[in-house]
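S.K.: Provided below are the primary sequence and the corresponding predicted coordinates.
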Amino acid sequence: MSASELVRVEGVSKRFTKSLDLAAKIANRFGAKNREVTVHAVDQVDLSISDGEVVALVGESGCGKSTLGRVVAGIHDASAGKVFWKGEDVSTHSDAARKDFVLGAQMIFQDPMSSLNPRIRAGEIVGEAARVHGMTDKAGQRDYVSSLFKRVGLDPDYVRRYPHQFSGGQRARIGIARALAVNPKLLICDESVAALDVSIQAQVLNLFMDLREDLGLAYLFISHDLGVVRHISDRILIMYLGRVIESGPTRAIFEDPIHPYTKALLDNVPKLEAKKRSFATIKGEIPSPINPPPGCHFHPRCPVAGPRCSREKPKETIVAGGRMAACHLLDGGVV
Amino acid sequence: AQELKIGLSSEPSSADPHFHNLTPNNAVARHVFEPLIFMDEFQRLGFGLAQSWKVLDDLTWEFKLKANVKFHDGSPFTADDVIFTMNRVPNVPQSPAPKTSYVRGKTFEKVDDLTIRVKTAKPEPLMLNHLAQIEIMSAKAAANVTTQDLNAGKGTVGTGPYQFVEFVPGDRYVVKANAEHWGGKPRWERVTFRFLKSDPTRVAALLSGDVDIIENVPTADAARLSKDARVTVSSALSNRIIYLHMDRHREDSPFIKAKDGSAIKNPLNDLRVRKALSMALNRQAIVERIMENEAVSTGQLLPDTYAGTSKKIKIPAYDVDGARKLLTEAGLLPAGFKLTIHGPNGRYTNDTKIIEAVAQMFTRIGIETTVETLPPAVFFTRASTGGPNRTPEFSMILAGWSAGTGEPSDTLKALLGTFNPQAGTGAANRGRFSNAKMDELLAKALATVNDQQRNALLAEATEVAMEDVGIIPIFFPKNTWAAKKGLKVTARTDEYTLAMSVAR
Amino acid sequence: MTQPVLEVENLATHFFTRDGVVKAVDGVSFKVGAGEVLGIVGESGSGKSVTGFSIMGLIDPPGRVVSGSIRLAGEEIVARDDEAMRKVRGKHLAMIFQDPMMTLNPVLRIDTQMIEAVLAHDKVSEQAARERCIEALSMVGIPSPAERLVAYPHQFSGGMRQRVAIATALLHRPKLIIADEPTTALDVTIQSQILAEVQKLCAETGTAMVWITHDLSVVAGLADRIAVMYAGRIVEEGNVSQVLDVPRHPYTRGLIGSVPSANPLGARLKQIPGSTPSLGRLPKGCSFEPRCASASEACRAAKPDATDYPDGSRVACFNPYSLARAS
Amino acid sequence: MLAFIIRRFAQALFVVVAMVVIVFFGTNVVGDPVWMMVPGDATQEQVEEVRRAFGFDQPVYVQFFRFLADIAQGDFGRSYVHGGSAIRLILDRMPATLELAVVALIFAVIIGLPLGLFAGLKPDHPASRAIMAGSILGFSLPTFWVGLMLIMFFAVMLGWLPATGRGPVTTFLGIETSLHTLKGWQHIALPALNLALLKISLVIRLARSGTREASLQDYVKFARAKGLSPRRIVGVHILKNIMIPIVTVLGLEFGSLVAFSVVTETIFAWPGMGKLLLESIQRLDRPLVVAYVMVVVLLFVTINLIVDILYSALDPRVRLAGKSE
Amino acid sequence: MSDVVATPRAKGEFARFVDRFLEDRVAVFGLGLITLIVLLAVFAPLIAPQNPYDLAKVDIMDSRQPPGSKSMDGFTMWLGSDGVGRDLWSGILYGLRISLMVGLLSGLIAATIGLCIGLIAAYFGGRIENVIMRIVDLQLSLPSVLVALILVALLGKGVDKIIIALIVVQWAYYARTVRGSALVERRKEYVEAARSLGLSHTRTMLKHILPNCLAPVIVIATVQTAHAISLEATLSFLGVGLPQTEPSLGVLISNGFQYMLSGKYWISFFPGVALLLTIVGINLVGDRLRDVLNPRLEK
Ligand SMILES: Nc1ncnc2c1ncn2[C@@H]1O[C@H](COP(=O)(O)OP(=O)(O)OP(=O)(O)O)[C@@H](O)[C@H]1O
Ligand SMILES: Nc1ncnc2c1ncn2[C@@H]1O[C@H](COP(=O)(O)OP(=O)(O)OP(=O)(O)O)[C@@H](O)[C@H]1O
Ligand SMILES: [Mg+2]
Ligand SMILES: [Mg+2]
């Protein structure tokens, strides 16, 4: 545990369960087959982020990235496992410490429209929380908001505007300013640039990099765009159906992916440089997290899967260079 | 020899003649069943299934029955049927309004097949009126049948001019001609009574030809219909009186207050005030403007064509100044007072409007009057027993009363007799009026079997009560029928709509 | 060169809205040859979809194709009436949409939706139509197509639905398919499966394709030619390598520069300042002028016309970038 | 599915019990039914006799327990006024009401759907504007008022149709109906139209907004891109989609048709259970009101259930099991 | 950095909304109508030639006079008089007061109740929501006329009673609507942002979610108010509504109903027209609101 560690989650799982009501139970007595539906959105994940570090979370849709992000941001409580903020277990936190955690880890969202309340003016969106938490008072709010607006590259004259009066890129900036208003240490960016056009996306990514430099912020950067991730992150976690299947320093993973899924993912990313290439190196669909395949979740699509893969969950194996991968290939083979 | 379709304004609740003593029930039952005594359209008594009667002594009556009368099922009508019927009447289960009171205190004995004898506990001058209310059923066909069976046509067998066909609650009651009837084959082959409760609907049904006759022509339409060439209208004065009842049993009446809202002594206990109120009423205006002349104003309990009424009682003259003078004498003017009149809405024709008109008139003599009308069920509950200790709640009410017996004794007894549940007087005396002299005269009348003497006593009792303003009578509504051109309805005072009254 | 499948010339489609005229497409010209894939890229709102719909004749009021010509295999289709156009749609021209969740009618079974597409143009028996559907489905890589045919759309994943849409488009072996961002909503691995199928099918059937996207990297791998749209116009068009490697228009350059992978790792990205203008009130001159680093007086005065280059590309700019100038 | 049905009926049971308790105690507070039963000239002793005979002299809760005890023995109460089993009386009248409601529903669909479809497809057409204006009017006109106007116009002035009542009734396949004769249809035409009026407006609106919304959907665009004829697009793609909300809403509105029949039946003297309810309320015939509530709540629950099943049949996306979320 | 605003809309949202609303001439007509009607009702005591509730002023000698007749007090009864001699024009003005008050007050209270309940259900979810929504379902499964009919029969007559009955039949519609839109809003990321910023539940609910749920509430409020007014009239027609002596429009109509066939059409007709205009006006406005506030149909 490094001294500068900001947040760490250990063995965190998040399950969403739709339980049966009385009627369904009675019906079951009569032979109906109502079952509880449980989604293992996140399944025993370890993750730590140090001060000023950019960790990227990559994976296909429904694999639990956002859910993990929310757990880290303190929006969801984990179903199992522990979350440590600055080395302390948040479940044992005092109110003040809890507030430090909630405010210290701020989320920035994907949809620039739905993440801003359409009926609240930009200035209030940004300043409300700071005022409520006593970081500024009513009189000082104006200046406080102005400085935040400048910080994210918005004209402070726009404070009285409503969200719909801004362009997509500007809305993203308001979302960032809102998070910055409570002096966070960690920003959790959930697909924060996915909805933006490339040219705007570049502006926002630059802003993120500037903020990191200026404020020493750490990031949990959730994305499915490997190009972006590669550019911005120090470390990558790759998730598949709720589990982290590989993690390590960005450069190392891009140069030498270990897990077959990581390999496939990297192969499938369209690249500007690759003209007239041939696509598709991986077959099959992403399975549902309600009924994940047994053993290694990836085995039905894996080109190198063997009989063991459908039986046993692969162990997380530490590899040299601060890397981890969960694949039977690293651990005695697939047969 | 045709079908006749009649639109009724209210629906019989049953085809069992003894189940529910209600006008519509009795009226439809009269087609199928017949009582020993008939009442004609003016409620005068005549022979029904009885051929003659004799008063043997004050406590014994003997009736000869008509011979050769047959029930619809072909069996002959005999004294057994009468006895059966009289025994059945008090024993109809779940009856909401049994006819028990008509047979109470009477013992029926069979003398021979066509003679019965009735013994009473005390002199019963109203014997005939009572027997006129009881429809004779067949001992054979109606043995052990329930009200539901009768509704379904099982045992619905009488001696009447029409035979029961079907009763569809909510829709119709159908009878067909009984060719074997002792009075000859009836005029109509088939008669269908349709139940058309809503007034405009009923009129529309007549105008559109859905029905041939409607009863209870709404006052609003009577005038127009009588001008309509497609329709003939006939009407008769009803035996119903619409009147005001005043609180006489409290010194502090809850709905009478001084104008500033403080309590005052109940002014209605002062005869001058009661007189003033009666004088303040412009009865004629009410009759013309509200009832559209479908009523006749009155100062007593029954139209003076009825037995037991008094020719001496005049309709109190409309006299605002006189009324004010009386109020001043009583010390109530110029201060005036506040009064709330209560009444049902929808129970009597134009009831709310009448109360409003009355209130207008009272207001003109300095009594600030407000009106509160209530659904009938609520109104009657509160008006009868809404106060403390199940006393009447209101200070002044508008109500109606119909004299089913065709003379005023019941009315006097129930409305004006001193309230006394044991003696059975004052049952509907919701003002708790009490006049010893009247009570005495009435008691005497009720023990007098001689018609003439009794009627004189009743007239006198009425005079006393009216002089003391026990109630303020307003008017008698008219019962009006409208028929399609070519049909003629003989209007009846008892509100019964009978196919037998319809001629071509 | 043989007859191009599609020739679009000076196409202008305007929307006459309450707030004024929106010139969504304003003078667009391009050609697509048989078996060729043209990628149209541009930012959101630049008029890509409207171009596609204009070709399909699916512009609804208040929009209208105000001028220009669209020739399909040499035949003008702009002025055609509804019925005539209907006969072309689906038969010779097909289209695939962005959102696979929405393109299939959720309350109708897949077979209904595919068979009706066959019967709309060919008088064949229902059985024959069904077989053609099965065939089309297996072409796009749907396993056990006969069984899947009787399913409802919601029983399919997004990728599967998009395949169904593609199969439907292929039913009549159209001359041209317009694909409007068909993979944007899909995951990387699924996207690349679809791209692979499409590539294969175009090669096999010789169907020409217009692939609309905002993702340069996708067209880089798929298209033969690329047209870059900005504010209703094509600012640059040419071979893939031509446009991506030596872009001449400042916008194209900016766009490519914004892509992270085109920048050194961890460095600040090159960025185009500002954001896309509203089509309702474009400047008189070049629409890109307010964001352009190399704008000149001329750019403010008038809109530049497209200039043809010997390498087959066309650029609409007064100050195009050239290797000569760069050096 | 089974769970779903159980859930629904548990709910129904709850409503029935709640309503019965409310109605039972409520009617008792309002007034004494005795006064509505006895004739106007009844004497005190008659009144007391009846009161005793019906147990009104007992405290309410005693009456209530007696009522519960009777239910336990399968006796749901007898009408004070009519004497017979209250449930039976209601059930006897139910076919007439249901017939009226069903015909009204059919009217609503066959009149409303084409109009709404048209208005939705051509929102700017003058006729569409007229249709929409008409639908607002239809929404706004009080039922009772229209009823009388219909009678005035069609029955009294034109004499085309009978003003009141139901045609001759037969039992067909165990269902009592008056629709087998022309006469029956003549009788039902006006009341059904009266009852349907509001629903016609509703269907027009649902159809219009559904059509407008559906026509903006990608799948309609895709259908056009496939080269389908407008007839097929409207007749299959759009219609099937708008039928979902229409069937759902109409199914639920069927309950309100039954309820509003109180008004229509009163005006047109239609021998249904609505009229009976109104009379029972006025007469404080508590057992009948209670029975009506029981029957009607069960009826509604059944209808809702059918609607849900229909809904899932129409919309393949819906599975009943998931509906409770 | 020089950021160009993409689409700076000069006007605020409200102004835009007003603009859009006013585009439709029919709706403007409806709004004008409603305004006029409300003004008439508010200023009825100043406008009406007669206080129809003051029995000293009403004379049965004036009853059933055709439109344009002179009253005993000397003023002209432009719309005629009713069965007890009330000037109909005055009666309608005062009746409007009652009808509107009943409609608006019941709507307001029901909306407030429904709003709170719907919001709580959507926000907290789980068991609370389940219980609330079951109750709402129950309420909605029973048609409003029926519930109102039975309630009014149980509660008795009177303005307060009918308002209670109308609240009971309306609140569930609001609760359902609010819950529906609050559920949508709740899933939006700005709510999560509010949570993430450590704002309290109350604040999130009231300040962030509530304002975004108001649009549909406004729409159904118009419909419900119109419905309530019409329902009151229906109940009055059925004889279980308001007392006859201080008539609402419904009572006036139902009182005049008996004169329909006798040629004295005005007694029922004019109040009917007043009722119709009120409801049509409200519905026209509501219709337009629905179009304007429903972004899905925005072109
Ligand atoms: N509140 C919830 N209730 C039930 N299931 C949920 C909930 N939130 C998420 N899930 C389920 O958990 C799984 C993971 O969801 P999550 O949003 O974390 O995925 P993701 O990786 O962010 O996907 P995407 O790339 O599409 O955003 C999904 O299957 C989702 O359906
Ligand atoms: N029906 C319409 N009414 C008015 N304007 C429209 C309409 N449809 C499209 N537009 C305008 O036309 C312009 C081009 O739209 P288009 O859909 O072609 O953009 P696009 O390039 O496909 O963008 P995206 O990448 O977001 O799909 C947009 O500015 C849009 O506002
Ligand atoms: Mg996510
Ligand atoms: Mg597009």
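M.R.: Ah, there it is. In this text the structure is predicted, and so the values were computed from the model without any measurement. Ligands and ions are numbered 1, 2, ... in the order given.

S.K.: quick check: the residue of the stretch 151-300 of chain D nearest chain A.
M.R.: The minimum distance from the stretch 151-300 of chain D to chain A, using C-beta to the nearest C-beta, falls at residue D:298 (17.5 Å). Quick note: C-beta positions are derived from backbone N, CA and C, even for glycine.

S.K.: low-confidence regions, chain C specifically.
M.R.: Along chain C, segments meeting pLDDT under 70 span C:1, C:323-327.

S.K.: mind listing what residue B:254 touches?
M.R.: Contact partners of residue B:254, counting by C-beta atoms under 8 Å, 6 or more residues apart in numbering or on different chains, are B:387, B:393, B:394, B:395.

S.K.: which element is it on?
M.R.: Assigned by DSSP states H and E, residue B:254 falls within no helix or strand.

S.K.: what about chain D, any weak spots by pLDDT?
M.R.: Within chain D, the set of residues satisfying pLDDT under 70 comprises D:1, D:40-44, D:318-325.

S.K.: hmm, back to that, I'd like to know which of the contacts of residue B:254 is nearest to residue B:240.
M.R.: When the contacts of residue B:254 are compared for distance to residue B:240 (C-beta to C-beta), residue B:394 wins out at 20.5 Å.

S.K.: doesn't that closest one fall inside a strand?
M.R.: No - assigned with DSSP: H, G, I helix; E, B strand; the rest coil, residue B:394 falls outside any strand and is coil.

S.K.: and it, how far from ligand 2?
M.R.: Note on residue B:394: its distance to ligand 2, by C-beta to the nearest ligand atom, to the nearest Å, is 71 Å.

S.K.: wait, what's in contact with that residue?
M.R.: For residue B:394, the set of contacting residues under the criterion of C-beta under 8 Å, 6+ apart consists of B:247, B:254, B:255, B:340, B:342, B:382, B:383, B:386, B:430.

S.K.: buried among these? Need that as a selection in ChimeraX.
M.R.: Taking 16 or more other C-beta atoms under 10 Å in any protein chain shown as the burial criterion, the selection of buried members of the contacts of residue B:394 in ChimeraX is written as:
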select /B:247,254,255,340,342,382,383,386,430
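
S.K.: next, give me the two most distant ones among the contacts of residue B:394.
M.R.: B:340 and B:430 (14.8 Å).

S.K.: can I get the helix or strand containing residue D:276 as PDB, trimmed to CA atoms?
M.R.: Residue D:276 belongs to helix D:273-282 when elements are defined using DSSP H and E. Only the C-alpha atoms of helix D:273-282 are listed here, as PDB (Å, rounded to 0.1, in the frame of the first residue of the first chain):
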ATOM      1  CA  MET D 273     -77.100  -2.300 -13.200                       C
ATOM      2  CA  GLY D 274     -76.000   1.300 -13.300                       C
ATOM      3  CA  LYS D 275     -79.500   2.500 -13.000                       C
ATOM      4  CA  LEU D 276     -80.100   0.100 -10.200                       C
ATOM      5  CA  LEU D 277     -77.000   1.400  -8.300                       C
ATOM      6  CA  LEU D 278     -78.200   5.000  -8.500                       C
ATOM      7  CA  GLU D 279     -81.600   4.000  -7.200                       C
ATOM      8  CA  SER D 280     -80.100   1.900  -4.500                       C
ATOM      9  CA  ILE D 281     -77.900   4.800  -3.400                       C
ATOM     10  CA  GLN D 282     -80.900   7.100  -3.300                       C
END
